[in-house]
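J.: Here is my input; please provide its structure:
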Amino acid sequence: MQVSVSPEKQKARAQLRKKLREARRSLPDEQHENAAQCIATQLNTLPFVKTATTVAGYLVNDGEVNLKYYIESTWQLSHKKFALPVLHPVCKGHLLFLSYTPDSLLINNKYNIEEPVLSCEAVIPVTQCDVILMPLVGFDASGNRLGMGGGYYDRTLSFTQRKLNTQSALNQHTPKLVGIAHDVQEVDALPTAPWDVPLNAIVTPSRTLIFTKP
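T.: Below you'll find the model as predicted:
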């Protein structure tokens, strides 16, 4: 079934996206550095993140919270794997997740964002990720996420919203989805779209919000 949003809501989302991107980019370097440290501390104390064996995340771009300290902490644990998203070479508009280690070779994709060089041996199926740390442009206290507008995460993770009406679906592992953001990116209420995938949690430098998804 095809879904859409009104032109008015599309305009509101675009305007909000521009405003919030400017807000996070304008934060001073010292605040970005502090945010990176605080986020690492918060993630390392969040129970379902601590017990996860495979965590996917992202490399910083466009003023996002830098995950560098958290990534480094996972590399120090032999039982933990870290993965990064890669633009899917076949399924347009979707993401693949590849293992990321200190030895991984990186290239810039078409959006000038670093990602691992594609290797079949390094692919980690999304259903094998215990937690996915997602960048966002804006969020609200209800767990809604506004992304960059490309829809890559929403398409890739749409399976998490399907009704579990078959035995195979019941047996399918669903990752916990965690939005990562600066506090300045919070708004009272986001103009949502039907394809938006809600989050299990949002972590900012100052707090962690936990949501119960249906």
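
J.: center of the chain, which residue is that?
T.: Met134 (0.9 Å; C-alpha atoms, centre = their mean).

J.: Next, it: secondary structure please.
T.: strand (DSSP: H, G, I helix; E, B strand; the rest coil).

J.: What sits closest to it if chain neighbours are left out?
T.: Distance criterion C-beta to C-beta, 6 or more residues apart in numbering; nearest residue to Met134, sequence neighbours excluded, is Gly179 at 5.3 Å. Quick note: C-beta positions are derived from backbone N, CA and C, even for glycine.

J.: Over to Asn144?
T.: Leu190 (4.4 Å).

J.: contacting residues around that neighbour?
T.: Leu190 is in contact with 16, 138-140, 144-146, counting by C-beta atoms under 8 Å, 6 or more residues apart in numbering.

J.: Using CSV, write down the CA coordinates of whichever strand in the chain runs longest.
T.: Using DSSP state E, we find that the single longest strand of the chain is strand 81-87. What follows is strand 81-87, C-alpha atoms only, in CSV (Å, rounded to 0.1, in the frame of the first residue of the first chain):
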residue,chain,number,x,y,z
LYS,A,81,31.4,-6.7,17.6
PHE,A,82,30.8,-3.3,16.1
ALA,A,83,29.2,-2.7,12.7
LEU,A,84,28.8,0.3,10.4
PRO,A,85,26.1,0.9,7.7
VAL,A,86,27.1,0.8,4.0
LEU,A,87,24.9,1.9,1.1
